[in-house]
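let me see the structure of the following:
(one chain, ligands or ions: 1)
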Amino acid sequence: MAKLLKALAFAQQLQRETVRAGDLVVDATAGQGFDTEFLARLVGEQGHVYAFDVQELALRRTKERLAAAGLLERVTLCHAGHEDMPAHVVRPVRSVMFNLGYLPGSDHRIITRPDTTVRAVQAAVELVQAGGLITLVIYPGHAGGVQEQAALTTYLSGLPQGQYTVARYEFINQINNPPLVIAIEKNAAERVFV
Ligand SMILES: C[S@@+](CC[C@H](N)C(=O)[O-])C[C@H]1O[C@@H](n2cnc3c(N)ncnc32)[C@H](O)[C@@H]1O
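Okay, here's the model as predicted:
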C-alpha cells in the first residue's frame, strides 16, 4: 500500500489524530456529506458538528447521508456561506475541515471563491481552540482554484509562527495540478523563535 496518502485521506488522517469524542467541530463545505459523516463519527454521541454549504442540494444530500447512518442528531446543518461561521458557531471548536471546489454532479460554477474562503479561514483561525486544527483540501486543477490557493497562501504565510504552525502537503511530480492540503495548527503554547 502506498505510504503517501492522497490529499483528502491525508487531511482526514490529521483530523483523526486531533478530534476526540465530545469535541465541537466544523465542516466548512458539507457537499455530499462524506466529511460531515466522517467528523460526526469522530466526535461521538457527546460531540457536535456544524456543517455549512451555500447549496440546498448539498445540505439535502448531507442530511440524507446522516439520517441513513443514524447521525443526524450530532450535526447542525447551516444553509450559509462558511464566511458567516461566527454568526452560527459561538464557542471555540477543536477543528475545522474545508474541502474546497464544487459539488460533484451539480453546477460547477458554484464553487468556493478566494475572498469568501479567506474570510472563512480567518474566522476559523479565531474560533479554533489552542491545540486545534484546520485542514484545507485545495483543488488548483479547476477554474479559479489557482487563484484560491494563491489567496490562501498570501494570508496564511502571514500568520504569526509563535501562535500557528502552517504546513503544505503536495505532490510535485504529478500532472494536471493535483489537490493539495494546507494544515494550520493553533499552537497549544506560544512558541518562541530566535
Ligand atoms: C468539494 S465540495 C465538498 C465535499 C464535501 N466535503 C463532501 O464530503 O462531500 C465543495 C462544496 O463547497 C460548497 N461551497 C461553495 N461556496 C461555499 C461557501 N461560501 N460556504 C460554504 N460552502 C460553499 C459547494 O456548494 C460544494 O458543495
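
show me where this structure has its strands.
Applying DSSP state E to the chain gives strands spanning 24-27, 48-53, 75-79, 93-99, 128-138, 164-169, 180-186.

please report how far the closest residue to residue 8 other than its chain neighbours lies from the ligand.
Once flanking residues are discounted, residue 8 sits nearest to residue 137: 5.3 Å by CB to CB, 6 or more residues apart in numbering. (C-beta placed from N, C-alpha, C; glycine too.) According to CB to the nearest ligand atom, to the nearest Å, residue 137 and the ligand sit 8 Å apart.

ok, whatever residue of the chain ends up closest to the ligand - contacts?
Residue of the chain nearest the ligand, by CB to the nearest ligand atom: residue 31 (2.5 Å). When contacts are counted by CB atoms under 8 Å, 6 or more residues apart in numbering, residue 31 touches 53, 58, 61-62, 99, 103-104.

so what's the residue nearest to residue 139 when sequence neighbours are not counted up against?
Once flanking residues are discounted, residue 139 sits nearest to residue 101: 4.3 Å by CB to CB, 6+ apart. Residues near residue 101 by CB under 8 Å, 6+ apart: 111-112, 139, 142, 145.

what does the chain have sitting close to the ligand?
Within the chain, the residues that sit near the ligand (CB under 6 Å from any ligand atom) are 29, 31-35, 52-55, 58, 81-83, 99, 101-103, 110-112, 116.

pLDDT score assigned to residue 143?
With respect to pLDDT, residue 143 has a value of 88.

please shift the residue numbers so they start at 55 in all later answers.
In the new numbering, first residue 55, that becomes residue 197.

which positions in stretch 59-70 come out as buried?
Buried residues in stretch 59-70, defined by neighbour count with 16 or more other CB atoms under 10 Å: 61-62, 64-66, 68-69.

will you turn those residues into TSV that also has pLDDT?
Rendered in TSV, the data for the buried residues of stretch 59-70 read as follows (pLDDT from 0 to 100):
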residue	pLDDT
61	98
62	98
64	98
65	98
66	98
68	98
69	98
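
restricted to helices, list the residues you listed.
Mapping the buried residues of stretch 59-70 onto helices (DSSP state H) picks out 61-62, 64-66, 68-69.
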